[in-house]
Each structure stands twice: as C-alpha cells, then as structure tokens.
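A.B. asks: pasting the sequence and the predicted coordinates here, then a few questions.
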Amino acid sequence: MRFVQRRSVRDIPTRFGHGLWWAVGAAWMGSFFAGTAGRGDAADEVPAADVLVVFGAAGADEYAEPLRQWAAELEALQDHSDIRIQVIGSPAASPDDAASAEVSDEPTSDRQRLRRALAERAKPMTATGDGDAESSGGPTLWLILLGHGTFADDVAKFNLVGPDVSAAELAQWLSATSSRTVIVNAASCSGPFVNRLSGPDRVVVAATQSGDERDWTRFGGYFVQAIISDAADLDHDDETSVLEAFVMAAGKTRQFYRDAGRIASEHALIDDNGDAQGTPAEWFDGLSADQKHAAADGNLAKRITLVAASDLPRLDEAQRAERDVIERDLETLKRRKPEMNSAEYWSALEALMLRQAELYQRSAEQ
C-alpha cells in the first residue's frame, strides 16, 4: 500500500528523531489495531490522578478480610508521586463503629466526609463555542467504592459506616465536578449507579448489571489487582487502562464462578459514552466492541490509565488535552475507514500520526 502525500510515515524518524518512533507506533498499533493510543499522564506539578477510595461497612468478618486485602493492594498507589489518594472509611470497621456512627453528628460520618471531599474537588465548567460544557482539565478524578450495596423502592445505595449514600445523591454531589471522572462501584446492587451517574467525559463501572444482583461481589478485588499492575495490559503499551482492567476483572469473575461450579450472581457493566445504558464485558473482542455492538462503550475508558508507565514522556495539562483530541480524531477516522478511499484514509492517518509525534517531541524537549 502506498502513500500519496509528499512525506511518508517512514520519514517521521528523520524529521523528529528516532526516539519518537515509539509515539507513532503507539498511534498506529494501539489506536488502529489494538484499539488504543499511547498515553503519558504524569505531570510535574499537577497530579495525573486524584483517587478517592471509599470503604463501606463490611458487615461480617468474612467480608472484612477481602476489603483489608484490597486496601493493602491500593497502598501501592502511595508510591506514585503523580497520584493523590484519599481514603474514607476503614475495611476494619466493626459493627460497633457502625452503630456509633448512626447516632453521631452528621459532619463526622463517612457520608459527610465523602460529600465534603467531592465538594473540594469541584471545578467550574468551561463553556465551548457551541454552548456546551466540557471538562476544565486537571487531574482525572477516581471514585472507587468497595463494600456492599442495597436496592429497594427503585433506590440504589452504597452502604457506608453510618448513613448510606444513594446513587441520586452521588450524582448531585458530582454535578459540580467538571474534571474527567472514573467511578467504580464494586458493590452489590451497583447496576443502577450506571443509569444515575452516566455523563459526558465520565466512565462508570459497576460490578452488577442491575439492582437485583444482591450477593457479595468478587469483581472489585479483581479490578483493584488489574488497575494497579500491568497484568491486564492487553495491548502491551506498558500501561493498564480502565477498559483493560474492566475486561480482565470481568473475565476473572466469570472464571471464579465456573471454577466453583456456581451460577454467576454478578455481571459487570461499563459506561463511557453518556447514554446511561452500560456495556457488558462479553460485548468486547479484546478492547474493541464486536461488530454487532459497534456503538458500545469503551472509547474513553481505553484512553484513561491510573498508573502511567515511567518511561513515557510527561505531558502537562494542556498537552494531555491535545493528546485526547488527537486520539478522539483517530477513533473517528477508524470508524470512517469503510466510507473512505484508500488514498484519503492513509493521508488522514499520516496527518494525525504526525500531530501525535510532534506533541510528544514538544513534551520530550521541555
């Protein structure tokens, strides 16, 4: 296949230096064959990720132990200078703690701590030229809920030590936050949180597909293991995206029930296109939705990582925003490929790859 532009993609190392060939390879191999582009989300001054981990009421010792294990695994995030982490609640909370919290003053409850933490992270919305609102930039906000949930009278809640928090309340508290947001509710009965929390520039992951899946969930443990390591790095770009962690965690959850000879009581969903519907892991072939579900979620989730690879160039806030625009353009081009002639497609691809290479060149020279 031949390019019709004056410059060939093979000329990029000459123009920008061979050290940038990895960026072009990431754009090519990632976005167009594995379904994702290279990322480098660490910034020198502003953290790339602002992580809020909320442990709910364990209830019984058999549930407190896995929560303690997940807490220990999440401690690894403290070793990354580009990640800010705050923990609300304790995996070791006892029934006595819950009883005292129920009668305590509201400002001391985990519910109020969560509300205050989200209020502190609120940012003003930035208006676009067409009247819509978009993220004002800054670190990606991660909200990870680990514990139990309930669903009754069409109200889904996450069980905290003390007063619980509903999906509707979380939606209200998050409404003032314009940062890109990843919400992972790994509790039982978490499916309705997808419907309530779905929105622009937001990824919502739930351990269950509905409020009727009420049993203790295993998905959360597998997701924590996946997102903080490279074990789920399906596209081999040395980072684990939200989508990669979701796909692997859902797969391990299915395997758990198969190995135990049990009917699965949890079916995870992911939503990142704002339609409040959610997509099950079974709809993905690797990191791309299968042909029958071409409009499925995943395009945003595959671009967001928690732990950035240490050898990738560090992008500042403006560069991360520029990179996201390029990656969205790559996804759009990928979808339009069947409608384009060969010369038109390869010309557009080359232009986007050059933009990607130039971006990482500027970052490397800082």
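C.D. replies: Received, thanks.
A.B. asks: drop to CA atoms for contacts and neighbour counts, all remaining ones
C.D. replies: Noted.
A.B. asks: for this structure, which segments are assigned as strands?
C.D. replies: Secondary structure of the chain (DSSP state E): strands located at 49-55, 83-88, 126-127, 133-134, 140-146, 149-152, 155-158, 165-166, 181-185, 202-206, 269-271, 279-280, 284-285, 288-289.
A.B. asks: quick one: those strands as TSV, columns for mean neighbour count and mean pLDDT too.
C.D. replies: Shown next, in TSV, are those (neighbours: other C-alpha atoms under 10 Å; pLDDT from 0 to 100):
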stretch	mean neighbour count	mean pLDDT
strand 49-55	23	95
strand 83-88	17	93
strand 126-127	13	46
strand 133-134	15	46
strand 140-146	23	97
strand 149-152	20	98
strand 155-158	23	98
strand 165-166	19	98
strand 181-185	25	98
strand 202-206	28	98
strand 269-271	28	97
strand 279-280	21	94
strand 284-285	15	84
strand 288-289	20	72
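A.B. asks: would TSV of those strands with distance to W70 be doable?
C.D. replies: Output for the strands of the chain, formatted as TSV (distance: least, C-alpha to C-alpha, whole Å):
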stretch	distance to W70
strand 49-55	10
strand 83-88	12
strand 126-127	36
strand 133-134	33
strand 140-146	9
strand 149-152	17
strand 155-158	17
strand 165-166	21
strand 181-185	14
strand 202-206	17
strand 269-271	20
strand 279-280	23
strand 284-285	26
strand 288-289	28
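A.B. asks: okay, now the domains of this structure?
C.D. replies: According to automatic domain parsing, the chain comprises the domains 9-38+316-365, 49-303.
A.B. asks: pick the most deeply packed of these.
C.D. replies: domain 49-303 (a mean of 19; mean count of other C-alpha atoms under 10 Å).
A.B. asks: what about it, start to end distance?
C.D. replies: Terminal residues of domain 49-303 lie 13 Å apart, using C-alpha to C-alpha, to the nearest Å.
A.B. asks: where among the domains of the chain is the average confidence lowest?
C.D. replies: Of all the domains of the chain, the minimum mean pLDDT falls on domain 9-38+316-365 (a mean of 67).
A.B. asks: show me the contacts for A281.
C.D. replies: Shown in contact with A281 (C-alpha atoms under 8 Å, 6 or more residues apart in numbering): 246-247, 250-251, 268-270.
A.B. asks: try it again with 10 Å
C.D. replies: Applying C-alpha atoms under 10 Å, 6 or more residues apart in numbering to A281 gives the contacts 243, 246-251, 267-270, 287, 289.
A.B. asks: am I right that E322 is in contact with R362?
C.D. replies: No. Checked against C-alpha atoms under 10 Å, the pair E322 and R362 is beyond contact range at 11.9 Å.
A.B. asks: ok, back up a step: closest one to L114 among the strands of the chain?
C.D. replies: Ranking the strands of the chain by proximity to L114 (C-alpha to C-alpha) places strand 83-88 first, at 7.0 Å.
A.B. asks: just checking: what are the partner strands of the closest one?
C.D. replies: strand 49-55 (parallel) (DSSP bridges).
A.B. asks: and the strand it pairs with, how far from the chain's centre?
C.D. replies: 12 Å (C-alpha atoms, centre = their mean, to the nearest Å).
A.B. asks: angle of that strand against strand 181-185?
C.D. replies: 20 degrees (axes from the mean of the first three to the mean of the last three C-alpha atoms, to 10 degrees).
A.B. asks: now the residue nearest the centre of the chain, nearest residue through space, not along the chain?
C.D. replies: With distances taken as C-alpha atoms, centre = their mean, the residue of the chain nearest its centroid is V242 (3.8 Å). Excluding the flanking residues, the one nearest V242 by C-alpha to C-alpha, 6 or more residues apart in numbering is A301, at 5.1 Å.
A.B. asks: please report how far the one you found lies from R335.
C.D. replies: From A301 to R335 the distance is 17 Å (C-alpha to C-alpha).
A.B. asks: likewise L160?
C.D. replies: Distance from L160 to R335, by C-alpha to C-alpha: 43 Å.
A.B. asks: one more: V51?
C.D. replies: 33 Å.
A.B. asks: repeat that for I144.
C.D. replies: The separation that I144 has from R335, given C-alpha to C-alpha, amounts to 32 Å.
A.B. asks: between the strands of the chain, which one is closest to D259.
C.D. replies: strand 279-280 (20.6 Å).
A.B. asks: neighbouring strands for that closest one, and are they parallel or not?
C.D. replies: For strand 279-280, pairing defined by DSSP bridges yields strand 269-271 (antiparallel).
A.B. asks: quick one: contacts of the partner strand?
C.D. replies: Residues contacting strand 269-271 (C-alpha under 10 Å, 6+ apart): 183-184, 190-191, 194-195, 197-199, 202-210, 242-243, 246-247, 250, 276-282, 296-301.
A.B. asks: show only the entries of those residues found in helices.
C.D. replies: 191, 194-195, 197, 242-243, 246-247, 250 (DSSP state H).
A.B. asks: can you redo those residues as JSON lines with distance to D316?
C.D. replies: As requested, those are arranged in JSON lines below (distance: C-alpha to C-alpha, whole Å):
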{"residue": "G191", "distance to D316": "35"}
{"residue": "V194", "distance to D316": "31"}
{"residue": "N195", "distance to D316": "33"}
{"residue": "L197", "distance to D316": "28"}
{"residue": "V242", "distance to D316": "21"}
{"residue": "L243", "distance to D316": "23"}
{"residue": "F246", "distance to D316": "27"}
{"residue": "V247", "distance to D316": "29"}
{"residue": "A250", "distance to D316": "33"}
